[in-house]
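Peer 1: After the sequence you'll find the predicted model.
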Amino acid sequence: MRAFAIAALSLLAVTVSCAAGYGFGRHVVSAAASSPAPDPVDVGFAQAMRAHHDQAIVMTQILLGRGDTPLAGLARAIQSAQLLEIGQMKGWLQLWRQPLLPATPGMDWMLFGREPPDAALKRYLSDCRDAAGGMPGLATQEELERLRRLDGPVRDRLFLGLMIRHHEGGLPMARFAARNAGSDAVRALGAEIVAQQTQELATMALALQHLGGA
């Protein structure tokens, strides 16, 4: 119990530190509006990451709606950050007169980077093509239904496992945008997502260890 209490305190500390860094996002939509016309990476990233964030919001809502959990602080931090980012990306797409979702599934917009695709990017794009949702890391409907049915530590372990996989599946997109997007605002958001989700991954791995998960 003492070890788990320490883990819970570390989650709260991350929640506070994450919340302190999110003020930057309020200025990103106006920065994107004043930028030149978006390129394929700007549009593709905003569409794909917005859709990817949608599922993270669903998972946090399920967890927070299923009774007390020591992961509540972490879940709320993820939810707050990603709702803000969804608003930014929707705002960009509307300003750019682009659809909120891509016309076809897939990540071919990642072929329009500043340099030819390297081996790691080719593997990621292959994983995207093989994934049911067009991008790796997404939970299946069966996994989401299981999360809805479970309670207690078993539910918490499943949430952490799904969210870790979710973050790991989306980070390559954010890293790519941070390096290759045409808009300064999109590059800044990509870098912000990389920083915050890397921190969240470390916190979730520690929490999963204390909960007895793999």
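Peer 2: Sure thing, it's come through.
Peer 1: what is the mean pLDDT for the helix or strand Asp127 falls within?
Peer 2: Under the criterion of DSSP states H and E, Asp127 resides in helix 119-130. Averaging pLDDT along helix 119-130 gives 94.
Peer 1: Tell me which helix or strand comes right after that helix.
Peer 2: Proceeding C-terminally, helix 119-130 gives way to helix 141-149 as the next helix or strand, assigned by DSSP H and E.
Peer 1: which regions of the chain lie under the pLDDT threshold?
Peer 2: 1-36, 213-214 (pLDDT under 70).
Peer 1: Tell me the buried residues in the biggest helix by length in it?
Peer 2: Counting residues, the longest helix in the chain under DSSP state H turns out to be helix 152-180. Buried positions in helix 152-180, judged by neighbour count with 16 or more other C-beta atoms under 10 Å: 155-164, 166-167, 169-178, 180. (Glycine included, C-beta is placed from N, CA and C.)
Peer 1: Who are the packing partners of that helix?
Peer 2: Counting contacts by 3 or more C-beta pairs under 8 Å, 6 or more residues apart in numbering; DSSP states H and E, helix 152-180 is packed against helix 40-64, helix 119-130, helix 141-149, helix 184-210.
Peer 1: Could you rerun that using 6 Å?
Peer 2: Counting contacts by 3 or more C-beta pairs under 6 Å, 6 or more residues apart in numbering; DSSP states H and E, helix 152-180 packs against helix 40-64, helix 184-210.
Peer 1: hmm, back to that, relative to the whole chain's centre, how far out is the helix holding Asp127?
Peer 2: Put simply, helix 119-130 sits 18 Å off its chain's centre (C-alpha atoms, centre = their mean, to the nearest Å).
Peer 1: List the buried residues of that helix.
Peer 2: For helix 119-130, by 16+ other C-beta under 10 Å, it's 121, 124-125, 128.
Peer 1: Just the residues contacting that helix, thanks.
Peer 2: With C-beta atoms under 6 Å, 6 or more residues apart in numbering as the test, helix 119-130 has contacts from 107, 135-136, 172.
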